[in-house]
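Trainee: Fold the following and give me the result.
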Amino acid sequence: MKTKLLIIVAACMASCVQKTEKQTVVFEVAVPGTDGKVTNVALRGTDFPLNWQEDKVMVYDSVKKVYRATVTYKTGYKFTEYKYVVNGVFEMQDKPNRKVKFNDKNYTVLHDTVQF
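Mentor: This is a model prediction of the structure:
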């Protein structure tokens, strides 16, 4: 009896697990109207490796004039949520989080503009 129960529990657990895939997202964001007063641009988000407590620092691309970060998720979800942080201040503080929808190619490039 115990063996049958263990087999049933194992089968149920196996069927409930979503398939995970690597999803790479290149975040590129312009920060207009700051007149060189930006000292730090970062990402925070819902799903690992991002979180809402620590910054994922973005690097400035002087040719494209954007800040850039590449994040690789291992997820079974179809999207994730995020926001930009400029000089320690969250953008869109009273608005919903941004969302990025993952695609079948497992590689997404976003071109955003910070909104305050």
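
Trainee: switch to C-alpha atoms for all contacts and neighbour counts from now on
Mentor: Fine.

Trainee: So for stretch 76-86, what gets flagged as buried?
Mentor: Neighbour-count burial for stretch 76-86, with 16 or more other CA atoms under 10 Å as criterion, is recorded at 80, 81, 82, 83, 84, 85, 86.

Trainee: Next one: the first one from residue 88, what distance?
Mentor: Okay, so that is residue 80. Look at residue 80 and residue 88: by CA to CA, to the nearest Å, they are 21 Å apart.

Trainee: Next, residue 48: phi, psi?
Mentor: With angles defined as degrees, to the nearest 10, residue 48 sits at phi -60, psi 130.

Trainee: ok, residues contacting stretch 62-74?
Mentor: If you take CA atoms under 8 Å, 6 or more residues apart in numbering as the criterion, stretch 62-74 is touched by 20-31, 41, 47-49, 56-61.

Trainee: what sits against residue 86?
Mentor: For residue 86, the set of contacting residues under the criterion of CA under 8 Å, 6+ apart consists of 38, 39, 40, 41, 42.

Trainee: returning to that earlier point: pull out the buried members of the contacts of stretch 62-74.
Mentor: Among the contacts of stretch 62-74, those buried by neighbour count (16+ other CA under 10 Å) are 23-25, 27-31, 41, 47, 56-58, 60.

Trainee: how about the strands in the chain?
Mentor: Along the chain, counting by DSSP state E, strands occupy 21-30, 41-45, 56-57, 59-61, 66-75, 79-86, 89-90, 98-101, 107-113.

Trainee: what's around the closest residue to residue 40 other than its chain neighbours, how many residues?
Mentor: Spatial nearest neighbour of residue 40, chain neighbours left out: residue 87 (5.0 Å); criterion: CA to CA, 6 or more residues apart in numbering. Per other CA atoms under 10 Å, the neighbour tally for residue 87 reads 12.

Trainee: what's the answer for residue 98, then?
Mentor: By other CA under 10 Å, 13 other residues sit near residue 98.

Trainee: Is it bridged to anything, and to what?
Mentor: Residue 98 has these beta-bridge partners by DSSP bridges: residue 82.
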